[in-house]
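J.: Here you go, sequence then predicted model.
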Amino acid sequence: MDSSKPARKIKQAVEKVVDAAGDKIPGSPGSAPAPLEEPTTPHEPLPPKNEQGTPDPRTPTGAATGLDPTTHSQQGEYLTTAGGTRLRDTDHSLKAGPRGPILLQDHHFREKITHFDHERIPERVVHARGAGAHGVFTGYGNADGVSRAGFLAKGKETDVFVRFSTVLGSRGSADTARDTRGFATKFYTDEGTFDLVGNNIPVFFIQDAIKFPDIIHAGKPHPDREIPQAQSAHDTFWDFVSLHTEAQHHTIWNMSDRGIPRSYRMMEGFGVHTFRLVNAAGETSLAKFHWKPKLGVHSLTWEEAQLLAGIDPDYHRRDLYDAIEAGAYPEWELGIQVFPDTPDETFAGIDLLDPTKMVPEELAPVQRVGKLVLNRTPTNFFAETEQVAFHLGNLPPGIDVTNDPLLQGRLFSYVDTQLTRLAGPNFQQIPINRPHAPVNDMLRDGFHQQAVHGGVAPYRPNSLDGGNPFPTTEDSFEDIPVTVAEAPKIRANPVTFDDHYSQVRLFWASMTPVEKDHIVQAYTFELGKCYEQAIKERQLQCLANIDPVLVEKVATGLGRPVPSPALDPATVEPSPALSQLGGEWPPDGRIIGIVVDPDAIDGDLDEVRDAVFAAGMVPLLIAPHGGMIGDRPVQRTFATARSVEFDALLLAGAPVPAPDAVPGLDAKAGVASVVDPRVRLLVEECWRHAKAIAAWGAGASVLTEVGAAGPGVVTAESGGEAFAAASQLLATHRVWDRFPA
């Protein structure tokens, strides 16, 4: 784009203003600041924000166009119809006189309102609530021995689009519901698209895809009242999982802290199923895929999740996009667990075709084979995140499926659902879904056909098109020949699928005491929401088969008798890799709240803000009022801030109650105190949620008034020391030592 263009000039002016201000706080809604008066000088559309990206400009058949990504965006300075005719008025319908009826000939009104009436498409039946981002995957080159997939080659960079989601809620539900999270990755490889569609939990509820409608119907809101939304805390869910005991393993993961992640950036991903890999020599292995987050696996507390559902239901989406805008790019390493491809398809006694089972990392270490970095947010949520279509059958050479009965069903279901959601079979031609490899598929016509196919012979063999397209045996996908044992046609599971409890007990035994406490609290809350006592008792029987301590604590909370186990609890060896605690991780992108007193501004404040930025974190100043304090912008006020926004809290002052600190003006105000009561609430909640709290100068008096003390509560001589102490504590995410289990 020519630098003389108005849009380029505006962008340069914006960058100059931002650079001059040094304001790195994410959340700007547009790429230019909004003027006070309505703009009236025509100019080209503004460019995207710096962190935004769009699908690579490709033709419907995968050819690179060399065009600027904004080619997908609206063009020109003036308002037009869909056909490109310029318009002079879009605020008034064409009428028979100023007070007359609208005329049928008003083609602009008809086009505008008709398009509006048809803006919505059916939302996904599951995973409707999601957020997506663009990025790049770089192979490490150490997977050559097991797979010939080209995107795994050393230094090979592949564009990706990742969509995170919750399973049960509608598009308008809260991000922080206790639920499984989807982790779906579309690799635009030059050998064809590869979709790795997984979850943040390595196992699934069911062993056979034919039960998928049943578990989703059970988890969704009750059909008579359409409640509860995005929750598993109700009768139909627990009725199903207590009757289908194969679901107990997935359920205990959901009841653990894994069910309420702190961030998509702090979430593991799993391919769930076992896949078959083939190398260049034709040798095969079985494998499971893992995503390991750079920031470690962290979670919300249950109270935080509940507060966020009301205060910021978009919390995970906002966290993802703000982190990318701030330059704290989310990172994961792709790992594989590799197993011998034996005829029985088992490893260490674990049936690798059973999707309710996992293989502990202590038995089969996860080998890192590449790195994923998300570095661009969508330019248009609908066009990208909502229309992205995943399919487990999108497989590159070197990766194939197995006979996992859940995986087999998904191979059909994913294509089938797109036919309704995206109105026809050409969903792969939508820009976000277009492959980055040449397409010559002989598929023709259908709704929304965007390609203009040449030739006259879309069939094989042909002579009229010179034989094109030609099959190949090189660099092609291969259905790996696997011997299927002779057996009767039957609706049944193998006996190796019958163990429904040993791995559930393994998960429980691998948790730390504080994690076990949280699991007990989750079961107690969820079952306490059930109406039918029989369902509670049936699920308690399942817990008795897992662990006597677990069932006793949950039964006590429910006020029900403790059942005896129906089978002897399995002897298991704990897997430390299943626990979220015990390690240290980078604090990239964490949010640091800094309480300031405008009547006594601390001299260390600028130094602290600079140190937070330098550490790759985001400082948010919290003050009694908005606007500026000195030359510093205020990001949060006592009326708008809540503890759940912050990973750590710094107290740079002890502000007295502000004029709006009364219950009639602010519901958080509470009782009168020496310090503004909303600051007290911030400190109390951060203390209760095991977060780091540090104070210096006058801020130390707040800790005394609130009575906040113990591990993770620091009083320092200076702001620099206070932040250094809080930063060190953030490496473990929370200070659980404050509340011994």
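T.: Yes, it's here.
J.: Please count neighbours and contacts with C-alpha atoms only from this point.
T.: Fine.
J.: So which residues of the stretch 451-600 of the chain form helices?
T.: In the stretch 451-600 of the chain, the helices defined using DSSP state H, counting those that start in this stretch lie at 502-509, 513-528, 533-544, 548-558.
J.: Quick one: closest of those to residue 325.
T.: The closest of the helices of the stretch 451-600 of the chain to residue 325 is helix 513-528. By C-alpha to C-alpha, the value is 32.6 Å.
J.: farthest residue from the center of the chain?
T.: Relative to the C-alpha centroid of the chain, counting by C-alpha atoms, centre = their mean, residue 97 is the outermost residue, at 53.2 Å.
J.: Alpha carbons of stretch 122-134, in CSV - could you do that?
T.: What follows is stretch 122-134, C-alpha atoms only, in CSV (Å, rounded to 0.1, in the frame of the first residue of the first chain):
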residue,chain,number,x,y,z
PRO,A,122,-26.4,-22.8,13.4
GLU,A,123,-24.0,-22.9,16.3
ARG,A,124,-21.9,-26.0,17.0
VAL,A,125,-23.9,-28.7,18.9
VAL,A,126,-20.8,-29.0,21.1
HIS,A,127,-17.8,-26.7,21.5
ALA,A,128,-20.0,-23.7,20.5
ARG,A,129,-18.3,-21.3,22.9
GLY,A,130,-14.8,-20.8,21.5
ALA,A,131,-11.9,-18.5,20.8
GLY,A,132,-9.3,-18.8,18.0
ALA,A,133,-5.9,-17.5,17.1
HIS,A,134,-3.3,-17.7,14.3
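J.: So for it, what gets flagged as buried?
T.: Counting neighbours by 16 or more other C-alpha atoms under 10 Å, one finds that the buried residues in stretch 122-134 are 123, 124, 126, 127, 128, 129, 130, 131, 132, 133, 134.
J.: Repeat that for stretch 523-540.
T.: By neighbour count with 16+ other C-alpha under 10 Å, stretch 523-540 contains the buried residues 523-528, 530, 535-540.
J.: Just the terminal-to-terminal distance for it.
T.: Stretch 523-540 has an end-to-end distance of 10 Å (C-alpha to C-alpha, to the nearest Å).
J.: go on, stretch 36-44?
T.: 20 Å.
J.: per-residue confidence averaged over it?
T.: Summarised as a single mean, pLDDT over stretch 36-44 is 91.
J.: In this structure residue 569 contacts residue 546, no?
T.: Yes: the criterion here is C-alpha atoms under 8 Å, and residue 569 meets it with residue 546 at 6.1 Å.
J.: So between those two, which is more surrounded?
T.: residue 546 (28 against 15; other C-alpha atoms under 10 Å).
J.: which residues touch the residue lying closest to that one once chain neighbours are set aside?
T.: Using C-alpha to C-alpha, 6 or more residues apart in numbering and skipping the chain neighbours, the partner closest in space to residue 546 is residue 505 (5.1 Å). Residue 505 sits next to 546, 547, 569, 570, 572 when contact means C-alpha atoms under 8 Å, 6 or more residues apart in numbering.
J.: show me the contacts for the third one.
T.: The one in question is residue 569. 501, 502, 505, 545, 546, 547.
J.: any idea how far residue 243 is from the fifth one?
T.: By that I understand residue 546. Taken as C-alpha to C-alpha, the span from residue 546 to residue 243 is 15 Å.
J.: ok, residue 347 - how many residues close by?
T.: 17.
J.: Overlap of the contact sets of residue 569 and residue 546?
T.: Listed as contacting both residue 569 and residue 546 by C-alpha under 8 Å, 6+ apart are 501, 502, 505.
J.: Name all residues that make contact with the first one.
T.: It stands for residue 501. Applying C-alpha under 8 Å, 6+ apart, we find residue 501 in contact with 246, 248, 249, 545, 546, 569, 570.
J.: of the residues you listed, buried ones?
T.: Among the contacts of residue 501, those classed as buried by 16+ other C-alpha under 10 Å are 246, 248, 249, 545, 546.
J.: TSV for those, including distance to residue 301 and pLDDT?
T.: TSV is the format used below for the buried ones among the contacts of residue 501 (distance: C-alpha to C-alpha, whole Å; pLDDT from 0 to 100):
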residue	distance to residue 301	pLDDT
246	27	98
248	22	98
249	21	98
545	27	97
546	24	98
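J.: Check those against residue 186 and report the nearest one.
T.: Lowest distance from residue 186 to those (C-alpha to C-alpha) belongs to residue 249, with 27.8 Å.
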